[in-house]
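In: Sequence plus the predicted model coming up.
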Amino acid sequence: MAKNNIIAGLDVGSSRIRVVIAEDVPDADVPRVIGTGIAPSTDIRRGTIIDADEVARAINETVKTSERVAGIVVKRAVVNIGGAEIGFQNSKGVIAVGRADKEVTEEDVNRVIAEAQNTNLPPNKEIIHIIPKNYRLDDQENIKDPVGMKGVRLEVDALVVEGLSTHIKNIAKAAEGAGIEVDDLVLEPLAAARAVLNRKQKELGVALVNIGGGTTSLSVFEEGDLLHASVLPVGAGHITNDIAIGLRTSIETAEKIKLEYGTALAKEISKKEDIDLSIISSREIGFVSRHHVAEIIEARLEEIFTLINKELKKIGRANLLPAGAVITGGGSKMPQISELAKNILGLPAQVGFPVPLGGMTDRVDDPEFATAVGLVLWEKDQRMIARGNSRRTKMIVDFSRETRDSVRKIRGWFEKFLP
């Protein structure tokens, strides 16, 4: 297979690092999965890298696993970016239409988006994405795609996604340290949404809740547009910590208890049901109440969904999204989680799985692979645009020049030490 047909999605999470290698078959609607890898991540706190060298080692382990399955060597990947430090702000761009006949062109759209990028940022932050939300052409509002229309003044309302410069550089450094060039950085909730949500859900109005190890991200879509996004500093790893504290056990034992005996609704568990700790770990003795474990889990998940509901209230969409809430990520696999979400959010709720791909589909048919699959699909979209098979639309998001420069600088630094 041709190397330029290979797409690798690298999901660097707080608790796990996941890689999906796929073959981009030009005539196929979806890529074909040929390899996957997953390994524990270290030195990542709430989505932020603490030690880039340790993360590089974990990435290298994951990539090597996926390469053995795929039978190829991966040199480039699309990488997610998330973390509690990600910021969002609204911005506006205004330009005069360039052509003499006043017909809006792709160049005009690119110029107005570039104008929206001219926003005040602290010196320690960089723009990751500019996401056009809607356009205005003279007196015509809420335009989705102005190309081909005629007017004098073109405006765009955009969502600016910003991240700490050090965070961006550390992601690039960790990837490069594992021998992986960063083709693109994609905001984690956007990648997950690309894999899990369909067009009808985005049109009706939907909230995607991606519960990771250290953070939970939210992306809200309505009428096909991204309406709101945020990253909350709490995730499934906090549930494990709560169990360890509540039961006075090790983190390892608490994680096993969560995965094997956990549920999101305590009322579903009998107060007489106990868990034999010696079965879980030879270092543990005694019994603990499974009902108590469920109470601990439910309390933390209630906090997460309450925070999500506060975000929905900020934008006036609490209880008002017809397609409801779709929960994905590793933390979404907790039994009864959709029922708890319904109760707190007052919305229909379901667990979201990645869209089916070709090839080794059984390896990625799992909510915890949502972001990695979304990264692959994101790159597939970009390639279709480049080939002219799909014209750029307002929901294709710009990866900022400043962020690209940061990635290139890190790459250049590593190349100095290569033989």
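Out: Here it is on my side, so go on. Numbers count the residues shown, from 1 in each chain.

In: The closest residue to residue 177 other than its chain neighbours sits in which helix or strand?
Out: Nearest residue to residue 177 in three dimensions, chain neighbours excluded: residue 56, at 3.1 Å (Cβ to Cβ, 6 or more residues apart in numbering). Just so you know, the C-beta spots here come from the backbone N, C-alpha and C atoms, and that holds for glycine as well. Taking DSSP states H and E as the definition, residue 56 sits inside helix 52-70.

In: How about stretch 237-253, which residues are buried there?
Out: Across stretch 237-253, burial judged by 16 or more other Cβ atoms under 10 Å covers 237-240, 242-244, 246-247, 249, 253.

In: Please enumerate the strands of the stretch 151-300 of the chain.
Out: 153-164, 181-187, 206-211, 216-222, 225-232, 274-276, 287-289 (DSSP state E, counting those that start in this stretch).

In: Please identify the deepest-packed of those.
Out: strand 206-211 (a mean of 28; mean count of other Cβ atoms under 10 Å).

In: List the pairing partners of that strand within its sheet, with orientation.
Out: Strand pairing for strand 206-211, determined by DSSP bridges: strand 216-222 (antiparallel), strand 325-328 (parallel).

In: Check the burial of residue 107 by counting its neighbours.
Out: Neighbours of residue 107 under the rule other Cβ atoms under 10 Å: 12.

In: Next: the one 10 residues further on.
Out: Per other Cβ under 10 Å, the neighbour tally for residue 117 reads 18.

In: tell me the pLDDT at the residue lying closest to it once chain neighbours are set aside?
Out: Once flanking residues are discounted, residue 117 sits nearest to residue 130: 5.2 Å by Cβ to Cβ, 6+ apart. Residue 130 is assigned 89 on the pLDDT scale.

In: My guess is residue 130 contacts residue 158. True?
Out: Yes. Using Cβ atoms under 8 Å, residue 130 is in contact with residue 158, at 5.3 Å.

In: got any residues that touch both of these two?
Out: 91, 113, 116 (Cβ atoms under 8 Å, 6 or more residues apart in numbering).

In: so what's the closest residue to residue 161 other than its chain neighbours bridging to?
Out: Using Cβ to Cβ, 6+ apart and skipping the chain neighbours, the partner closest in space to residue 161 is residue 129 (4.1 Å). Partner residues in beta bridges with residue 129, using DSSP bridges, are residue 161, residue 399.

In: so how far is residue 31 from residue 129?
Out: 22 Å (Cβ to Cβ, to the nearest Å).

In: For the spatially most central residue of the chain, list the residues it contacts.
Out: By Cα atoms, centre = their mean, the chain has its centre lying nearest to residue 188, at 2.0 Å. Contacts for residue 188 (Cβ under 8 Å, 6+ apart) come out as 11, 47, 80-82, 210, 212, 217, 231, 371.

In: Tell me the most packed of the residues you listed, by neighbour count.
Out: Using other Cβ under 10 Å as the neighbour criterion, residue 371 leads the contacts of residue 188 with 34 neighbours.

In: Residue 16 is in contact with that residue, correct?
Out: No. With contact defined as Cβ under 8 Å, residue 371 does not reach residue 16; the gap is 10.3 Å.

In: is the residue nearest to residue 185 when sequence neighbours are not counted in a bridge, and if so with what?
Out: Residue nearest to residue 185 in three dimensions, not counting chain neighbours: residue 81, with 4.8 Å by Cβ to Cβ, 6+ apart. Beta-bridge pairing of residue 81, defined through DSSP bridges, involves residue 187.

In: residue contacts, residue 81?
Out: 128, 163, 167-168, 171, 185-188.

In: Reformat those residues as TSV; add distance to residue 364.
Out: What follows is these, written out as TSV (distance: Cβ to Cβ, whole Å):
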residue	distance to residue 364
128	25
163	27
167	27
168	27
171	22
185	21
186	17
187	20
188	16
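
In: any idea which of those residues is closest to residue 38?
Out: residue 188 (16.3 Å; Cβ to Cβ).

In: Which pLDDT value goes with the closest one?
Out: At residue 188, pLDDT is 93.

In: next one: the one 10 residues further on
Out: Residue 198 is assigned a predicted lDDT (pLDDT) of 95.

In: In three-state terms, label residue 42 for me.
Out: Secondary structure, DSSP: H, G, I helix; E, B strand; the rest coil: residue 42 is coil.

In: Now do it against residue 97, distance only.
Out: 52 Å.

In: the more surrounded of the two?
Out: residue 97 (23 against 14).

In: didn't the more buried one look like it was pressed against residue 107?
Out: No. Checked against Cβ under 8 Å, the pair residue 97 and residue 107 is beyond contact range at 10.0 Å.

In: Can you report how many residues neighbour residue 48?
Out: Residue 48 has 22 nearby residues by other Cβ under 10 Å.

In: wouldn't it be in contact with residue 41 here?
Out: No. Using Cβ under 8 Å, residue 48 makes no contact with residue 41, being 11.8 Å away.

In: before we move on, back to that, among the buried residues of stretch 237-253, which one sits closest to residue 301?
Out: Ranked by distance to residue 301 (Cβ to Cβ), the buried residues of stretch 237-253 are led by residue 239 at 7.3 Å.

In: Which pLDDT value goes with the closest one?
Out: Confidence score, pLDDT, at residue 239: 97.

In: Likewise for residue 408?
Out: So residue 408 comes in at 50 (pLDDT).

In: try residue 248
Out: Residue 248 is assigned 94 on the pLDDT scale.

In: try residue 124
Out: For residue 124, pLDDT reads 89.

In: Hmm, residue 166 and it touching each other?
Out: Yes. Using Cβ under 8 Å, residue 124 is in contact with residue 166, at 7.2 Å.

In: Which one's more surrounded, the two?
Out: residue 166 (16 against 10).

In: what's that one in contact with, if anything?
Out: Counted by Cβ under 8 Å, 6+ apart, residue 166 has contacts residue 124.

In: Return the distance of it relative to residue 85.
Out: 9 Å.
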